[in-house]
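Novice: what shape does this take:
(chains A and B)
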There are 2 protein chains.
Amino acid sequence: MSSSTTIRLAEPSDAAAIAAILLPTIREGATYALDADMSEADALAYWLAPDKDTFVLEEDGAIVGTYYLRTNQLGGGRHVCNCGYMTSLKATGRGIARRMCEHSQEVARSKGYRAMQFNFVVSANERAVKLWQALGFEIVGRLPLAFLHPTRGYVDALTMFKTL
Amino acid sequence: MSSSTTIRLAEPSDAAAIAAILLPTIREGATYALDADMSEADALAYWLAPDKDTFVLEEDGAIVGTYYLRTNQLGGGRHVCNCGYMTSLKATGRGIARRMCEHSQEVARSKGYRAMQFNFVVSANERAVKLWQALGFEIVGRLPLAFLHPTRGYVDALTMFKTL
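Specialist: Now for the predicted structure:
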């Protein structure tokens, strides 16, 4: 990673840069359970929803990654958080998702969460599955054929979990 | 079950009867990941949310159970639905949850869903776990200590799944 990499809370003025990251991945429809034709406004409303803390990763001043952290369940489930990460398709393979996930775990610990859960990791997204495993997440659930992949057809989705 | 049992879509005029079922269970905080001090208005807004089809079960003209059915994930996950069921604490042990779950599976099939998923079944709710298993649901995920039970402390939550 560049030494000029920083991760900070997103600001309203980051919306266009965040949308530029979200939309290609949403349109592809291969990794997130979101409608591929979701509007930019809806995508931003989802990613920047009031129940989420949303961060951006800047590399040499350009936003190339973004993630959110939220409480996964209410009531007796409040001690487990959930995150979603997206990296600019132009910046994949450089450890940006890893850096964001590590950052999110620090944030989660500082907020008092006891665990982090990914509810729906598409099994065909092998790179992500391997990365989360390398970062200490375990596959605790397998949802059979729960995701219709645009090219591979129905594939399993995974639930991944890490105690913090 | 009484021969006068019927299940129908909820109507606005059912709100008070539905709230009378939801609130004692929410206040108990032992089975649903909802804040135990949730207001009645918030509970009804949750249970009757626009993305849900909400049903009531009437026994001899009195509403003693209610359930919702919704799409569990968007995009490539749209073919899997999710339900939540609640029975009046005064009417438990009479097969009402079973009847609602069977009904919900019929509704789900008629709507074209290919599977039904329960995201967060509290493992300490043994009666529910056994009932869902008897109705063909499998435990496909176990979220370690993901639920803080009001009397048992941290217990696992289960993900249960049935292909329709």
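
Novice: where does pLDDT dip in chain A?
Specialist: For chain A, the stretches with pLDDT under 70 are A:1-3.

Novice: for chain B, what are the nearby residues on it?
Specialist: Neighbours of chain B within chain A, by CB under 8 Å from any CB of the partner chain: A:29-30, A:32-36, A:38, A:73-80, A:114-115, A:117, A:119-120, A:122, A:140-150, A:157, A:159, A:161, A:163. C-beta: built from backbone N, CA, C; applies to glycine.

Novice: can you select the buried ones from those residues in PyMOL?
Specialist: In PyMOL, the members of the residues of chain A next to chain B classed as buried (16 or more other CB atoms under 10 Å in any protein chain shown) are selected with the following command:
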select buried, chain A and resi 29+30+32+33+34+38+73+75+76+77+78+79+80+114+115+117+119+120+122+140+141+143+144+145+146+147+148+149+157+159+161
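
Novice: would you map the strands across chain A?
Specialist: Secondary structure of chain A, counting by DSSP state E: strands at A:5-9, A:52-59, A:62-71, A:80-87, A:115-122, A:138-149, A:153-163.

Novice: how about TSV for these, with distance to A:Arg98 added?
Specialist: Listed next are the strands of chain A as TSV, based on distance: least, CB to CB, whole Å:
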stretch	distance to A:Arg98
strand A:5-9	11
strand A:52-59	11
strand A:62-71	10
strand A:80-87	9
strand A:115-122	14
strand A:138-149	17
strand A:153-163	14
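
Novice: closest to A:Ala43 out of the ones you listed?
Specialist: Among these, the nearest to A:Ala43 by CB to CB is strand A:80-87 (10.2 Å).

Novice: contact partners for the residue in chain A positioned nearest to chain B?
Specialist: Nearest to chain B in chain A, going by CB to the nearest CB, is A:Gly141, at a distance of 2.2 Å. Going by CB atoms under 8 Å, 6 or more residues apart in numbering or on different chains, A:Gly141 touches A:158-159, B:140-143, B:159.

Novice: wait, which of the strands of chain A is closest to B:Ala19?
Specialist: Closest to B:Ala19 of the strands of chain A is strand A:62-71 (CB to CB; 24.4 Å).

Novice: just give me how far the closest one sits from the chain centre.
Specialist: Centre-to-centre, strand A:62-71 and its host chain are 7 Å apart (CA atoms, centre = their mean, to the nearest Å).

Novice: which elements pack onto it?
Specialist: Under the contact definition 3 or more CB pairs under 8 Å, 6 or more residues apart in numbering or on different chains; DSSP states H and E, strand A:62-71 sits against helix A:15-28, strand A:52-59, strand A:80-87, helix A:96-110.

Novice: what angle do the last one and strand A:153-163 make?
Specialist: Think helix A:96-110. Helix A:96-110 runs at 40 degrees relative to strand A:153-163, counting by axes from the mean of the first three to the mean of the last three CA atoms, to 10 degrees.

Novice: residues making contact with helix A:96-110?
Specialist: A:1, A:5, A:7, A:53, A:55, A:57, A:59, A:64-67, A:69, A:81, A:83, A:85, A:87-88, A:116, A:128, A:131-132, A:134-135, A:162, A:164.

Novice: circling back: tell me which of the helices and strands packed on strand A:62-71 sits most buried.
Specialist: strand A:80-87 (a mean of 23; mean count of other CB atoms under 10 Å in any protein chain shown).

Novice: CA atoms of that one as CSV?
Specialist: Presented in CSV, the C-alpha positions along strand A:80-87 are these (Å, rounded to 0.1, in the frame of the first residue of the first chain):
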residue,chain,number,x,y,z
VAL,A,80,-22.5,-8.0,16.3
CYS,A,81,-21.7,-5.6,13.4
ASN,A,82,-21.9,-6.0,9.7
CYS,A,83,-19.7,-4.4,7.0
GLY,A,84,-19.7,-4.1,3.2
TYR,A,85,-16.7,-3.2,1.2
MET,A,86,-16.2,-2.1,-2.4
THR,A,87,-13.0,-1.3,-4.2
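
Novice: partners of that strand in the sheet?
Specialist: strand A:62-71 (antiparallel), strand A:115-122 (parallel) (DSSP bridges).

Novice: contact partners of it?
Specialist: Defining contact as CB under 8 Å, 6+ apart, one finds that strand A:80-87 is touched by A:21-22, A:25, A:32, A:47, A:64-73, A:96-97, A:100-101, A:104, A:108, A:111, A:113-119, B:143, B:146.

Novice: how far is that strand from where the chain is centred?
Specialist: Put simply, strand A:80-87 sits 4 Å off its chain's centre (CA atoms, centre = their mean).

Novice: and the angle from that strand to strand A:52-59?
Specialist: Going by the same axes, to 10 degrees, strand A:80-87 is angled at 30 degrees with respect to strand A:52-59.

Novice: do you know how far A:Val121 is from A:Asp51?
Specialist: Between A:Val121 and A:Asp51 the computed distance is 20 Å (CB to CB, to the nearest Å).
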